[in-house]
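# what would the 3D arrangement of this be:
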Amino acid sequence: MSVQRWFEATTSNFAEFDAGGGDPGREFTLAATVDLEPRPSPGTAPQTRHAVVGTFVDSSGAHVQFHSTDDLDLEVRDEGRQVVFALTATGSGVDIDPAPLTVRGVITCAAVTES
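Have a look, this model is predicted:
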């Protein structure tokens, strides 16, 4: 088992299959998982495992989902209150062809809750 801290930022509350909101292209949900204490398997060095997942509404109103654990640069700053990331992933969704995505961002947390 590893210790994980979850960082999550949400800019809108939209249902997975709605027609999009009033601001297509700017509505998204995004979550980053940061593995703070990687543990090695027997005979191996510890491997840090981070992940970023997201859903956004594109300019046409379509929902696009992505998940990245590879090609992911992630850094935790300000005592765990900020996650800076850059990733490449494949976006997919209903009625859209899979397409490569490059995503860069910063999640800033107003509060950190330990559990």
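# buried sites along stretch 73-91?
Residues of stretch 73-91 classed as buried: L74, V76, V83, V84, F85, L87, A89, G91 (neighbour count, 16 or more other CB atoms under 10 Å). No exception for glycine: its C-beta is placed from N, CA and C like everyone else's.
# element containing the second one?
In this structure, V76 sits in strand 72-77 according to DSSP states H and E.
# and that strand, what does it pack against?
Where contact means 3 or more CB pairs under 8 Å, 6 or more residues apart in numbering; DSSP states H and E, strand 72-77 is packed against strand 28-35, strand 51-57, strand 82-93.
# go through these and name the closest to A45.
Shortest distance between A45 and those, using CB to CB, is found for strand 28-35: 13.9 Å.
# mind listing what that closest one pairs with, with the direction of each?
Sheet partners assigned to strand 28-35 using DSSP bridges are listed as strand 4-10 (antiparallel), strand 51-57 (antiparallel).
# which stretch in those strands has the least confidence?
Lowest mean pLDDT of those: strand 4-10, a mean of 61.
# can you tell me which helix or strand of this structure has the lowest average pLDDT?
Lowest on mean pLDDT, DSSP states H and E among the helices and strands of the chain sits strand 4-10, with a mean of 61.
# hang on, the earlier thing: which residues sit against the strand holding V76?
Contacts of strand 72-77 with the rest of the structure, by CB atoms under 8 Å, 6 or more residues apart in numbering, involve 5, 32, 34, 36, 50-52, 82-87.
# need these in JSON lines with distance to A111, can you?
Output for the contacts of strand 72-77, formatted as JSON lines (distance: CB to CB, whole Å):
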{"residue": "R5", "distance to A111": "13"}
{"residue": "A32", "distance to A111": "16"}
{"residue": "V34", "distance to A111": "16"}
{"residue": "L36", "distance to A111": "18"}
{"residue": "H50", "distance to A111": "21"}
{"residue": "A51", "distance to A111": "22"}
{"residue": "V52", "distance to A111": "20"}
{"residue": "Q82", "distance to A111": "12"}
{"residue": "V83", "distance to A111": "14"}
{"residue": "V84", "distance to A111": "18"}
{"residue": "F85", "distance to A111": "20"}
{"residue": "A86", "distance to A111": "25"}
{"residue": "L87", "distance to A111": "25"}
